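A.B. asks: Quick one: sequence and predicted model below, then my questions.
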Amino acid sequence: MFNKISHKILEEGVKWIDKIILVMALCSGVILVMIMLIGNFEVIARYVFTASVGWALEVPEFLMLMCSALALAYTEKVGRHVSVKILEEKLSQKANKIIAIAISPIYLFMAGGMLWGVMRWAMIDIDGGRYSFMAEIPLIIPRSFLIIGFVFLIVQVLINTTKNILFLRR
């Protein structure tokens, strides 16, 4: 009885995480559109009105960072991260799952290291009250997106690894 209840709770949790990751991916797409609009705005301001806008160079950099961070977990979920397709196509589905499980600890270690580094970076920003140069954006804002992105990436890797293990147990 307890096993069925805990399994149901985990399934519901994964469904909610999937929904959150989808929203993050959609936000990533909206941010890409914002980057394009700001880039076009800067070009028009510079060449039509001969008035460059300082923040229009810095803000897209932060937006690209946010866009990438928000898309991390989604690209993991749909299996679109860098992989060797030639090798994957030659191996069976079972062999691919075994390789994915074997690589997961390395992947988690790397993502965890990045998360730890970004969190240290964020703490320095909080303690120092650091801002960007041109737009005077508190640097904790883009760092927060990186933290969120790496946390959800780690969760998605754990979900995928669990699914791969369950596939092999069948």
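C.D. replies: Yep, that arrived.

A.B. asks: in this structure, what secondary structure element scores lowest on mean pLDDT?
C.D. replies: The helix or strand of the chain with the lowest confidence, counting by mean pLDDT, DSSP states H and E, is helix 85-90 at a mean of 80.

A.B. asks: what pLDDT does the residue minimising distance to the centre of the chain get?
C.D. replies: Geometric centre of the chain, nearest residue: residue 72, 2.6 Å, by C-alpha atoms, centre = their mean. If you check residue 72, the pLDDT there is 93.

A.B. asks: what helix or strand is it on?
C.D. replies: Element membership for residue 72 (DSSP states H and E) is helix 55-77.

A.B. asks: tell me which residues in that helix are buried?
C.D. replies: 56, 59-60, 62-63, 65-67, 69-77 (16 or more other C-beta atoms under 10 Å). Quick note: C-beta positions are derived from backbone N, CA and C, even for glycine.

A.B. asks: Any chance you could list what contacts that helix?
C.D. replies: Residues outside helix 55-77 that contact it (C-beta atoms under 8 Å, 6 or more residues apart in numbering) are 18, 21-22, 24-25, 27-28, 31-32, 34-35, 38-39, 41-42, 45, 81, 132-135, 137, 141-142, 145-146, 148-150, 152-153, 155-157, 159-160.

A.B. asks: what ranges of this structure fall below the confidence cut-off?
C.D. replies: For the chain, applying pLDDT under 70 flags the ranges 1-2, 83-84.

A.B. asks: repeat that with 80
C.D. replies: 1-7, 80-88 (pLDDT under 80).

A.B. asks: what sits against residue 111?
C.D. replies: Counted by C-beta under 8 Å, 6+ apart, residue 111 has contacts 150, 153, 154, 157.
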